[in-house]
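1. Below: sequence and its predicted model.
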Amino acid sequence: MVSGYLEGLKQTADPYVLERILQSAEVTSKEMEEARSKRVEAIRAFKEMAGKFDILIAPTVPIIAPMLSDIDSNLEKIGSQLSQNTRAVNWVDGCAATIPMNTYDTPGTGLMLFGRAGSDWHVLEMASLIDKVIAPARVKA
């Protein structure tokens, strides 16, 4: 069943995501257990740290969003860059919302607001409030 599912993914999935899935077949049980242990500790530490703040803010991606054609020619490097900040929030079981910061005719940039697990509604409320401040600048530029 899994091999049939993977064959279907090879036809329809995003190539970067598919590559990450296929890489998981090479992970040993020991490596998986070590990663799980590290993640449990990371979640604990993030929950403690994030609890000291109303909201945490970072760029959604650490680079200005590239053109799709540029991603296709350099998928491994750019794909990893595009997902590094959001993967970090996922790794620590956080929740996040992104607010667009660019005008309609400029390359995409986003502001990611995030918090610990279970703070979803608070993160969304803060994102809505901050978007009301940022939105006029997007329209005027």
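-> Okay, I see it. Numbering: from 1, shown residues only.
2. Would you mind measuring from Arg116 to Met49?
-> 9 Å (CB to CB, to the nearest Å). Where you see a C-beta, it was placed from the backbone N, CA and C, and this is true even at glycine.
3. more crowded one of these two?
-> Each of Arg116 and Met49 has its neighbours counted (other CB atoms under 10 Å); Arg116 has more, 21 against 12.
4. what is the mean pLDDT for the helix or strand where Ser128 lies?
-> Element membership for Ser128 (DSSP states H and E) is helix 120-140. Averaging pLDDT along helix 120-140 gives 90.
5. Nearest residue to the middle of this structure?
-> Thr86 (1.8 Å; CA atoms, centre = their mean).
6. now for the strand or helix carrying that residue, which elements pack on it?
-> Element membership of Thr86 [criterion: DSSP H and E] is helix 75-91. Counting contacts by 3 or more CB pairs under 8 Å, 6 or more residues apart in numbering; DSSP states H and E, helix 75-91 packs against helix 15-23, helix 68-73, strand 95-100, strand 110-115.
7. Turn the ones you listed into JSON lines, columns for distance to Asp54 and mean neighbour count.
-> Shown next, in JSON lines, are the helices and strands packed on helix 75-91 (distance: least, CB to CB, whole Å; neighbours: other CB atoms under 10 Å):
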{"stretch": "helix 15-23", "distance to Asp54": "33", "mean neighbour count": "13"}
{"stretch": "helix 68-73", "distance to Asp54": "34", "mean neighbour count": "10"}
{"stretch": "strand 95-100", "distance to Asp54": "14", "mean neighbour count": "19"}
{"stretch": "strand 110-115", "distance to Asp54": "8", "mean neighbour count": "22"}
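8. among these, which is nearest Ala42?
-> Of all those, strand 110-115 sits nearest to Ala42, with 14.1 Å by CB to CB.
9. picking up where we left off before, buried residues, the helix holding Thr86. List them.
-> Ile78, Gly79, Leu82, Ser83, Asn85, Thr86, Ala88, Val89 (16 or more other CB atoms under 10 Å).
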